[in-house]
Structures are given as C-alpha cells and as structure tokens.
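A.B. asks: Build the 3D model from these lines:
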Amino acid sequence: MSVILCMPGWHSERSAKGGLRATRISPLSDYQLLNGCLEEIVAMDEGELWLLCDAQTRLAERVATAERLRATTCGQTSAAAGKGRPAEEGQERRKVTTLPGSPTASPAG
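C.D. replies: Predicted coordinates for the structure are as follows:
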C-alpha cells in the first residue's frame, strides 16, 4: 500500500486493488463510537475519501461537544436532585404507555 495525502487527523493509504482506506490518527471516545463516528473509512477515489473524512471529522467534533454537554448537564441534575442520572451503558430510557383495556392496564379509580 502507498500512503496518500488525505486530510489532517487521518492516515490514508492506497491499496493494491485500487481502493483507498483512511484511519484516524487520534482515538475516539466510547461515546463517539456509540454515536456513529468511524475509526476507518473506505472509498473508491480521493474525492470521495476526502468528503467522508471531512464529514466524519465534523461529526466527531459535534459528538464530542454533546458528550461534554451531557457530562455537565447530568452532573448538575444529579447533584441538585439526585435524579436524571444517565442510563447504564447499553440501556436506554423508554417511556412506557399502557393503553386502556390492555392486560397491564390498572382500573381507573
């Protein structure tokens, strides 16, 4: 493989098969990985590779900002009221709505 110039923050190589592959130079956080940031991109030409690297770089920056905001917001909420703790990793918070007449509905009254 030969190294090609891509964009800052990425290491890119041309494969013997003619495709291109770029990998991030710096590691991503778990939060970034869970929210769609990729460590590696594969493209057919340099234009496509540059656009994908640019999009992923911007996404990683915005997700990192969201991660900082989440830490700040959750820290204030938890300290103030003991509520609003983030869900355990791998779990989601869901609102459950019970329809009238369903087996789990409680009688009104």
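A.B. asks: Between the two ends of stretch 30-48, how far is it?
C.D. replies: End-to-end distance for stretch 30-48, by Cα to Cα, to the nearest Å: 26 Å.
A.B. asks: And the contacts of that stretch?
C.D. replies: Outside stretch 30-48, the residues that touch it by Cβ atoms under 8 Å, 6 or more residues apart in numbering are 4, 6, 10, 18-24, 28, 49, 52-53, 56, 59-60, 63-64, 66-67, 70, 89. Where C-beta positions appear, they are placed from N, C-alpha and C, glycine not excepted.
A.B. asks: Just the residues you listed: which are in strands?
C.D. replies: I4, W10, L20, R21, A22, T23, R24 (DSSP state E).
A.B. asks: From those, keep the buried residues only.
C.D. replies: With neighbours counted by 16 or more other Cβ atoms under 10 Å, the ones in strands among the contacts of stretch 30-48 contain buried members at W10, L20, R21, A22, R24.
A.B. asks: which ones are touching the first one?
C.D. replies: The neighbours of W10, taking Cβ under 8 Å, 6+ apart as the test, are A22, T23, R24, I25, I41, C53, T57.
A.B. asks: Let's see that with 10 Å instead.
C.D. replies: W10 makes contact with 22-26, 40-41, 49-50, 52-54, 56-57, according to Cβ atoms under 10 Å, 6 or more residues apart in numbering.
A.B. asks: likewise L20?
C.D. replies: Here L20 is in contact with 1, 4, 6, 12-14, 41-46, 48-50, 52-53 (criterion: Cβ under 10 Å, 6+ apart).
A.B. asks: could I get the contacts of W10 as JSON lines with distance to L34 and pLDDT?
C.D. replies: Conversion of the contacts of W10 to JSON lines gives the following (distance: Cβ to Cβ, whole Å; pLDDT from 0 to 100):
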{"residue": "A22", "distance to L34": "21", "pLDDT": "95"}
{"residue": "T23", "distance to L34": "19", "pLDDT": "96"}
{"residue": "R24", "distance to L34": "16", "pLDDT": "96"}
{"residue": "I25", "distance to L34": "21", "pLDDT": "95"}
{"residue": "S26", "distance to L34": "17", "pLDDT": "96"}
{"residue": "E40", "distance to L34": "16", "pLDDT": "96"}
{"residue": "I41", "distance to L34": "18", "pLDDT": "95"}
{"residue": "L49", "distance to L34": "24", "pLDDT": "95"}
{"residue": "W50", "distance to L34": "26", "pLDDT": "95"}
{"residue": "L52", "distance to L34": "20", "pLDDT": "97"}
{"residue": "C53", "distance to L34": "20", "pLDDT": "97"}
{"residue": "D54", "distance to L34": "22", "pLDDT": "97"}
{"residue": "Q56", "distance to L34": "15", "pLDDT": "98"}
{"residue": "T57", "distance to L34": "18", "pLDDT": "97"}
